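Asks: everything below, folded, please.
(one chain, ligands or ions: 1)
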Amino acid sequence: MIDPGYNRLSRVVSRMYTPCDIVDKDSVRIHNFIGGEFVPPIGGKYLDNIEPATGQPYSLVPDSDSRDVERAVDAAEKAFATWSRTPAAERSSILLRIAELIDRDLDKFARAESIDTGKPLSLARGLDIPRASSNFRFFATAILHTENEAHVTDGLAFNYTLRQPRGIAGLISPWNLPLYLLSWKIAPAIAVGNTAVAKPSELTPMTALLLAEVCREAGLPAGVLNIVQGTGPNVGSPMTAHPKIGTISFTGGTVTGRKVAEACAPLFKKVSLELGGKNPNIIFADADLDAAIAGSVRSSFANQGQVCLCGSRVFVERPAYAEFVRQFIEKASQLRVGDPLETGTDQGAIVSKTQLDKVKFYVDLARQEGGEIALGGSAPVPPNDRCKNGYFFPPTVITGLPVACRVNREEIFGPVITITPFDREDEVIGYANDTEYGLASSVWTQNLNRAHRMAEQIHSGTVWVNCWLVRDLRVPFGGMKQSGVGREGGEEALRFFTEPKNVCIAKN
Ligand code: TXE
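Replies: Predicted coordinates for the structure are as follows:
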C-alpha cells in the first residue's frame, strides 16, 4: 500500500512543474524506500531540504539512522536469494523498463533535479536525466554479452571462471550529479544480481525518490533496491561499518573518501572510491583556438564548476596566452547567471550555503595569494525576486597566481578557475602533475605526436585530447593518487560488483 504521505509528496512533486510554486515545507516529507515500500525513518526525524536557488526549505528529508540501515540490509538480504538467481534476461528486461520509465518521466525528473541542486533545468534535461536512463540501458544489455574465461592447464586440468554477485552493495553518492551518479552505481550493481542499499546526498534526495517510484512500476522485486536518506555520519557511516554490506561504491570528497576507506579496511570490504579532482586543462599555441576556448568555457563552468571532471587549472602556451585570456573572458562573461528553472540560464545556483562560502573563501584566498580577478569574483545581483536569497556566484577567472599556491592545489568545486602561461612541454607536464589529485585532464593541440606524449605522461585516470566530458560508458573511469581507488564503467563495473571464482576440473 502506498503511504498517504507519499501520495501527498507525489502531488507536490507534480506541482513543481510551476517554477514559482512555494510549497509548505511541513506537507512534504520524503520517505525512505525499503523492501518495496515507502516508509518514514524509524526515529521520525527530518532535515530541511533547501532549494539552492531560493535558499528556502521546500521539503523534508529523512534524518535516518542505523536502525533504518539495518532494516534496509534485512530487506536486501531477503531479496538477494531470489534476485541473484534470476536469469540475466529477466533482470535485463526489468532494467530496460526502468530506463524507459525514466525517459517517459524526463520532465518530472529534470525539474526535481534542477530544484534540488540549483543546476539549470536545461542541463538536467539534456544531460543528467538522459544519462541516468542510459546507465540502466547500458548495464541491462551488457549482462547479456558477457564471457567467462577458461584456462587449460597442459594435460592436467581445465579451469573456468565464474563471476558471481557479491551480495549487498552499499552505494553512496554526492549532490553534484545526483541521479546521474546514483544510477551509475545502482545499474551495474543490481544488473549482475546484487541487491543494494543506496544513500543519496542529504542535499539532493528528490530524484532518488522518483527513481524508487519508477523501479516499483517497472516490477523490480521488493528489496532489490533500498534507498535510505540521511546524513553521512548517521546513514553513510553505519553502511560502511555494516558487516553484511561487503561492497562499497562511493563518490564524494577526498576527505570523506578517506573516512570510508578507514571504515571498510578492517572489514576487508571491496571498495571503489571516486573522489575529488584539480584537473589541468592544457592549451598549446597550435590548438584550434575557437574549439579550445569553447571547450574550456564548458569544462570550467558546467554545472557551476561542480563536476569532479571540471578543468579548474587552465595552462596556456605563452604565444597564445593573451589572446586566449581575452577571448575566454569575453565568452565566459556571456554566460547568463539566472533562475535555474528559466530558459536561457547557463549558470544556476551553487548547491548549498556551505559550498557557496567555500567558493568565496577561495576567491578571497586567491586575492591574498597575489591573484588578479580577471572576471567575476563577487556575488551577482539576484536574477529575480524568487531567487533573492539564492546561492549564486558568477563565473570567476583568476590570473597571475603561482602554480604551487593553495588556490591552484586544493579542490574548490565551484565556478572558479585559474589561468597560467607556460613555455615548454616538460614544464607544463610538471605543472599538471604537481597536485595530490589525478582524476582527469584535457590537452588541446593539433600535433598528434605531442598529444600521445602528453597522454602518456600526465598522471590522471582520463586524458581528453581536443574535447572534454566525452563519456563512453564502456571505458574505465576513475582517478589516480588522491582522486580515488579502483575503476568503474563498462567491464570494470561488472567486475567490481562480482566475485571471480576459479573452478578447476582435473582432466581425468
Ligand atoms: O561531500 P561528501 P560534501 C568535494 C567538494 C566539496 C567537498 C565536500 O570539494 O566541497 O567534497 O562536499 C556521504 N561515511 N566533492 O561534504 O561529504 C554524504 O552524505 C559515509 C567532490 O558535500 O564527500 C554524501 O552522500 N558516507 C565530489 C556523500 O558522502 C558519508 C562530489 C558525499 O559527500 C560520510 C561532492 C561518512 N563518514 C563533493 N560523510 C566529486 N568528486 O564528485 C559523508 N558521507
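Asks: how about the residues of the stretch 301-450 of the chain near the ligand?
Replies: Within the stretch 301-450 of the chain, the positions lying close to the ligand (C-beta under 6 Å from any ligand atom) are 308, 355, 358, 411, 413. Bear in mind the C-beta positions are built from the backbone N, C-alpha and C, glycine included.
Asks: the ligand contacts on the stretch 51-200 of the chain?
Replies: 172-176, 199.
Asks: try it again with 5 Å
Replies: 172, 174, 176 (C-beta under 5 Å from any ligand atom).
Asks: okay, now the first one: neighbour count?
Replies: A count of nearby residues for residue 172, using other C-beta atoms under 10 Å, gives 27.
Asks: residue contacts, it?
Replies: Residue 172 sits next to 198-199, 232, 236, 239-240, 248-252, 260 when contact means C-beta atoms under 8 Å, 6 or more residues apart in numbering.
Asks: again, only using 6 Å
Replies: Residue 172 sits next to 199, 236, 250 when contact means C-beta atoms under 6 Å, 6 or more residues apart in numbering.
Asks: same thing with the last one?
Replies: With contacts taken as C-beta under 6 Å, 6+ apart, residue 176 has the following neighbours: residue 306.
Asks: residue ranges with poor pLDDT in this structure?
Replies: Under the criterion pLDDT under 70, the flagged ranges of the chain are 1-27.
Asks: need the residues of the stretch 301-450 of the chain next to the ligand in a markdown table with neighbour count and secondary structure, can you?
Replies: Formatted as a markdown table, these follow (neighbours: other C-beta atoms under 10 Å; DSSP: H, G, I helix; E, B strand; the rest coil):
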| residue | neighbour count | secondary structure |
| --- | --- | --- |
| 308 | 25 | coil |
| 355 | 23 | helix |
| 358 | 16 | helix |
| 411 | 24 | coil |
| 413 | 25 | coil |
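Asks: quick one on the thing from earlier: and the residues of the stretch 51-200 of the chain next to the ligand as a markdown table, adding distance to residue 418 and secondary structure?
Replies: As requested, those are exported to a markdown table (distance: C-beta to C-beta, whole Å; DSSP: H, G, I helix; E, B strand; the rest coil):
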| residue | distance to residue 418 | secondary structure |
| --- | --- | --- |
| 172 | 30 | strand |
| 174 | 23 | coil |
| 176 | 20 | coil |
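Asks: save those as TSV, and put in distance to residue 114 too.
Replies: Listed next are those as TSV, based on distance: C-beta to C-beta, whole Å:
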residue	distance to residue 114
172	23
174	17
176	13
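Asks: and which of those residues is nearest the ligand?
Replies: residue 174 (3.4 Å; C-beta to the nearest ligand atom).
Asks: can you tell me the closest non-neighbouring residue to that closest one?
Replies: Spatially, and ignoring its direct neighbours in sequence, residue 174 is nearest to residue 252 (4.5 Å; C-beta to C-beta, 6 or more residues apart in numbering).
Asks: could you check how far the one you found is from residue 308?
Replies: Going from residue 252 to residue 308 by C-beta to C-beta, to the nearest Å gives 9 Å.
Asks: what do you get for residue 116?
Replies: For residue 116 relative to residue 308 (C-beta to C-beta), the value is 18 Å.
Asks: which one is the residue in the stretch 401-508 of the chain positioned nearest to the ligand nearest to, not counting chain neighbours?
Replies: Residue of the stretch 401-508 of the chain nearest the ligand, by C-beta to the nearest ligand atom: residue 413 (3.6 Å). The spatial neighbour of residue 413 that comes closest, neighbours along the chain excluded (C-beta to C-beta, 6+ apart), is residue 306 at 5.5 Å.
Asks: got it, and residue 431?
Replies: residue 403 (5.1 Å).
Asks: that neighbour contacts residue 432, doesn't it?
Replies: No - when contacts are counted by C-beta atoms under 6 Å, residue 403 is not listed as touching residue 432 (9.8 Å).
Asks: which of these two has more residues huddled nearby?
Replies: More neighbours surround residue 432 than the other of residue 403 and residue 432, with 26 against 18 (other C-beta under 10 Å).
Asks: buried residues, the helix or strand containing that one. List them.
Replies: Secondary structure from DSSP states H and E places residue 432 in helix 425-433. Within helix 425-433, the residues scored as buried using 16 or more other C-beta atoms under 10 Å are 425, 428-429, 431-433.
Asks: show me which of those residues is closest to residue 158.
Replies: Checking the buried residues of helix 425-433 against residue 158 by C-beta to C-beta gives residue 433 as the nearest, at 45.8 Å.
Asks: helix/strand/coil for residue 169?
Replies: Recorded secondary structure, residue 169: strand (DSSP: H, G, I helix; E, B strand; the rest coil).
Asks: for it, give me its contacts.
Replies: Neighbours of residue 169 in contact, by C-beta under 6 Å, 6+ apart: 189, 194, 196, 247.
Asks: what about the last one, is that helix, strand or coil?
Replies: Put plainly, it is residue 247. strand.
Asks: would you confirm that it contacts residue 165?
Replies: No - between residue 247 and residue 165 there is no contact under C-beta under 6 Å: 9.4 Å.
Asks: contacting residues around stretch 301-320?
Replies: Contacts of stretch 301-320 (C-beta under 6 Å, 6+ apart): 119, 176, 277, 279-285, 299, 324, 347, 350, 395, 408, 413-415, 417-423, 428, 431, 439-440, 442.
Asks: filter those residues down to just the ones in strands.
Replies: Within those, residues falling in strands by DSSP state E are 280-283, 417-422, 440, 442.
Asks: and the gap between residue 224 and the ligand?
Replies: 21 Å (C-beta to the nearest ligand atom, to the nearest Å).
Asks: list the contacts for that residue?
Replies: By C-beta under 6 Å, 6+ apart, residue 224 lies in contact with 79, 83, 190, 195.
Asks: contacts only, for residue 392.
Replies: By C-beta under 6 Å, 6+ apart, the neighbours of residue 392 are 337, 349, 380.
Asks: report the buried members of the residues you listed.
Replies: By 16+ other C-beta under 10 Å, those give 337, 349 as buried.
Asks: ok, so of the contacts of residue 392, who is nearest the ligand?
Replies: residue 349 (15.1 Å).
Asks: out of everything not next to it in sequence, what's closest to the closest one?
Replies: residue 118 (3.1 Å).
Asks: need the contact list for the one you found.
Replies: 52-53, 340, 348-349, 351 are the contacts of residue 118 under C-beta under 6 Å, 6+ apart.
Asks: dihedrals phi and psi, it?
Replies: When read as degrees, to the nearest 10, the backbone of residue 118 gives phi 90, psi 0.
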